[in-house]
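J.: Attaching a predicted model along with its sequence, questions to come.
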Amino acid sequence: MIRLQLPGGAEVEAQEGVSIREALADIPGIKKAVAAKVDGTVVDLSRTLTGDTDVIAVEPVMPGTDEALEVLRHTTAHVMAQAVARHFGMENVEFAIGPTIADGFYYDFDLPRSLTDDDLPAIEKIMEQIKRENLPIVRKEATDRNGALAIIRSYRAKSAFKQELIAGFPDGEAVSFYGQGEFTDLCRGPHLPATGKLAFFKLLSVAGAYWRGDEKREQLQRIYGTAFFDKKALKTLLHRREEAAKRDHRKVGPRLGLFRSLPEAPGFPLWLPHGTVIVNQLLAYMREKLERRAYQEIRTPHIMIDDLWKQSGHYDHYKDNMYFTEIEGRSFAVKPMNCPGAALAYKQGLRSYRELPLRLGEFGLCHRFERSGTLHGLTRVRSFVQDDAHIFCAAADLQGEILALIDLAHEVYREIGFGAPRMVLSTRPEDRTGSDEMWDHSEGELREALAKAGTDYTVNPGDGAFYGPKIDFMVTDAIGREHQLCTIQVDFSLPEKFDLVYAADDGERKRPVVIHRAILGSIERFVGLLIEQFSGAFPLWLAPEQVAVLPVSEDRHADAAGNVLQELRQAGLRAHVDWPGNKLGKKIREATLKKIPYLLVIGDREAESGTAAVRRRDGTDCGVLELGEMLRLLREERDTRSLTALLGATTTDDR
RNA sequence: GCUGCCGUAGCUCAGUGGUAGAGCACCUCCUUGGUAAGGAGGAGGUCAUGGGUUCAAGUCCCAUCGGCAGCUCCA
């Protein structure tokens, strides 16, 4: 007999060798269990229990938990693979991998032809059929790699991918397989007990993918899908995807007249007047930050001779992403990064230790060739402005500077209204420059700065640049893609390459360390993410049009509207009067769709009393305000870069 | 770059081989109005580009360009 301890402390006894399902048969509601957790590991319900310890902690995994969802999706992926095999014929399909991902799962196949969206309903139908067949899902185990290879060869003609996977497993360890009906797959498990336990699923899209993500390897066909126990949860996800698509900056940006992507300039966005306002506001904001933190701003040449790029190392490492041009027989490159220019700026004169840390900021326009398939709205472009800076400092200053940068980044994201980004520390890669002492020192300083900043972060070992470790700040966009914003990179290499020195307090020439950093990253990408963050309804200070003045009657209220407009403009607010001969309802509708923060209605009452009836873009009626008071509030909301509306502040603005 | 899908008016889209359409936007006129669409009329397209099949191509085929999803890349 073995004793099982259930969550809550109750114990049951079971015969050795019985399955978990049998052992727990008397627990109420156990029929809904999809798997079980034994000593914290999720396993199949059919797993048999052996008693080498006194008491085994067993917990049924019930729908509603993350573990259960993972099992469901994994099994759904397998059933999809089985359906694909039936759709194309088992002998025509080779299976690659089929993991679960954040919102569902995918499976990669090698197929006789490419999949199209039209295949999905047919495959879904076969999946429903397999669900109805309620095939038991059976686990098989091979004791080692050879046994596993024997199994895989016995059940399928083509299995090169699976064999490659098995060959990569540590030898001597058991390898498990899961089978249902005519289908068996190499798999770690666990799985649902039978295909009839499948719940609600939906196949979402087809895509190309490479075996092991390597474009030199086989091109495979991938199907993305998702599954839930709860029909409503599935609907919610599908709905969320639609909502996310609605705030996609590639839709919203052009509609609000912020930017356009042109066939004439793929990857080089065109900024329209309204988008340019936002860019300029962000730059002005960052310039304020630079002034307060003792930066100096520079502007470096956009085009410089090849020799410079050879010296910097870009020619060797980054040439494929650079644009070149030839003038008078000499070859020049368009800058993909600002660092060489900053190094040249540093070198103008002998620097003293008294000047360090020397912080040189640059809103540098960079051009990088990106392959056509990688371009994406504003988040992946071929030309962009970086809010870049290079901090030249002594090694001893490193930690303080890094800490100040982490602080600056958090301050900026908080003030602009971004969610907390995910922070990642990347440490020394195999292929690197600089001594181990330098790496030890700088990695240590980064860790300590992160600890002092008191923020959570993860570590990507070996993912640093070859010239130094770095800290990246990542945010997720409306459609779930993660993007890098801030990057803080230590560089020992650039000062060497450009022979940068400073005169130390003892008169010796010493080598400074460089920190590259960008807070917003690419302004283009940042605006793209902002558009999605605010769904186009920007805070007052960023809004391209801040106030719309709407006269009730074109004739009678022209003067009063004109006066209000004058006052608004005097206060430096971006305002206009909506003149056309439309009814008030229509003017309100149009201004609202343009996401203009405040609408001022001017009619007889307001014209007489020197007031305006204020309405917000979310529909809130802010009542009638005296003009002076209204201007005061508008100025305050703008000047403090408030994220919430100050007029009619009893409710929150719908952003 | 690779695989798949898509490209029709400024925008959103309909149009399965037989005379290019709708809504919004735009222009003109009427309407002068009180919190999310007043009315009438007008103008606007080499159906992405180039080739092919056909008596006939927006529609079928091929190529190119661009967009989208994914892969990949981002010293």
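T.: Received it, and whenever you're ready, just let me know what you need.
J.: got any ranges where the stretch 551-655 of chain A has weak pLDDT?
T.: Counting by pLDDT under 70, the stretch 551-655 of chain A contains low-confidence ranges at A:649-655.
J.: Just the strands from it, written as ranges.
T.: A:575-577, A:598-602, A:611-616, A:621-626 (DSSP state E, counting those that start in this stretch).
J.: Partner strands of the last one, with direction?
T.: Right, strand A:621-626. strand A:611-616 (antiparallel) (DSSP bridges).
J.: Hmm, residue A:426 is touching residue A:467, no?
T.: No: contact criterion C-beta atoms under 8 Å: residue A:426 and residue A:467 do not qualify, at 11.9 Å. In this view, the C-beta of every residue, glycine as well, is placed from N, C-alpha and C.
J.: returning to what we had before: mean neighbour count and distance to RNA strand B added to the strands of the stretch 551-655 of chain A, as TSV?
T.: Shown next, in TSV, are the strands of the stretch 551-655 of chain A (neighbours: other C-beta atoms under 10 Å; distance: least, C-beta to the nearest atom of the strand, whole Å):
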stretch	mean neighbour count	distance to RNA strand B
strand A:575-577	19	12
strand A:598-602	25	4
strand A:611-616	22	3
strand A:621-626	15	6
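J.: okay if I get those strands as CSV plus distance to residue A:473?
T.: Below are these laid out as CSV (distance: least, C-beta to C-beta, whole Å):
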stretch, distance to residue A:473
strand A:575-577, 35
strand A:598-602, 33
strand A:611-616, 32
strand A:621-626, 36
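J.: Could you name the stretch from those that's closest to residue A:134?
T.: strand A:611-616 (55.9 Å; C-beta to C-beta).
J.: Go through stretch A:159-166 and flag the buried ones.
T.: A:159, A:161, A:162, A:163, A:165, A:166 (16 or more other C-beta atoms under 10 Å).
J.: and that stretch, average pLDDT?
T.: Across stretch A:159-166, pLDDT averages out at 86.
J.: ranges for the helices of the stretch 401-550 of chain A?
T.: Using DSSP state H, counting those that start in this stretch, the helices found in the stretch 401-550 of chain A span residues A:436-453, A:493-497, A:523-534.
J.: where does chain A dip in pLDDT?
T.: A:51-54, A:156-157, A:478-480, A:649-655.
J.: Can you give me the domain assignment for it?
T.: A:2-62, A:67-243, A:274-533, A:547-639 (automatic domain parsing).
J.: residues contacting residue A:383?
T.: Going by C-beta atoms under 8 Å, 6 or more residues apart in numbering, residue A:383 touches A:267, A:268, A:269, A:365, A:366, A:367, A:368.
J.: What does it show for phi and psi?
T.: According to degrees, to the nearest 10, the main-chain angles of residue A:383 amount to phi -140, psi 140.
J.: cool, residue A:433 as well?
T.: phi -110, psi 170.
J.: For residue A:317, see how far away the nearest residue to it once chain neighbours are set aside is.
T.: Counting by C-beta to C-beta, 6 or more residues apart in numbering, residue A:493 is the residue found nearest to residue A:433 once chain neighbours are left out, at 4.9 Å. Distance, residue A:493 to residue A:317, using C-beta to C-beta, to the nearest Å: 11 Å.
J.: Same check on residue A:209?
T.: 27 Å.
J.: Neighbour count: those two, which is higher?
T.: Between residue A:209 and residue A:317, counted using other C-beta atoms under 10 Å, the more crowded position is residue A:209 (19 against 12).
J.: ok, and what's touching the helix or strand containing that one?
T.: With elements taken from DSSP states H and E, the one containing residue A:209 is strand A:200-210. For strand A:200-210, contacts defined as C-beta under 8 Å, 6+ apart pick out A:76, A:80, A:104, A:106, A:108, A:114-117, A:119-120, A:123-124, A:127, A:216-231, A:234, A:238.
J.: Narrow those residues to those that are buried.
T.: For the contacts of strand A:200-210, buried by 16+ other C-beta under 10 Å: A:76, A:80, A:104, A:106, A:108, A:115, A:119-120, A:123-124, A:127, A:220-229, A:234.
J.: out of the residues you listed, who's near RNA strand B?
T.: For RNA strand B, the contacts drawn from those by C-beta under 7 Å from any atom of the strand are A:115, A:221, A:222.
J.: With respect to RNA strand B, which of the residues you listed is nearest?
T.: Set against RNA strand B, the nearest of those by C-beta to the nearest atom of the strand is residue A:222 (5.3 Å).
J.: tell me the SS of the closest one?
T.: Recorded secondary structure, residue A:222: strand (DSSP: H, G, I helix; E, B strand; the rest coil).
J.: how close does it sit to residue A:77?
T.: For residue A:222, the distance to residue A:77 - C-beta to C-beta - is 11 Å.
J.: anything in contact with each of the two?
T.: With C-beta under 8 Å, 6+ apart, residue A:222 and residue A:77 have common neighbours A:106, A:107.
J.: Tell me what residue A:625 is bridged to.
T.: Bridge pairing for residue A:625 - DSSP bridges - gives residue A:612.
J.: my read: it touches residue A:648, true?
T.: No: using C-beta under 8 Å, residue A:625 is not in contact with residue A:648; the gap is 9.1 Å.
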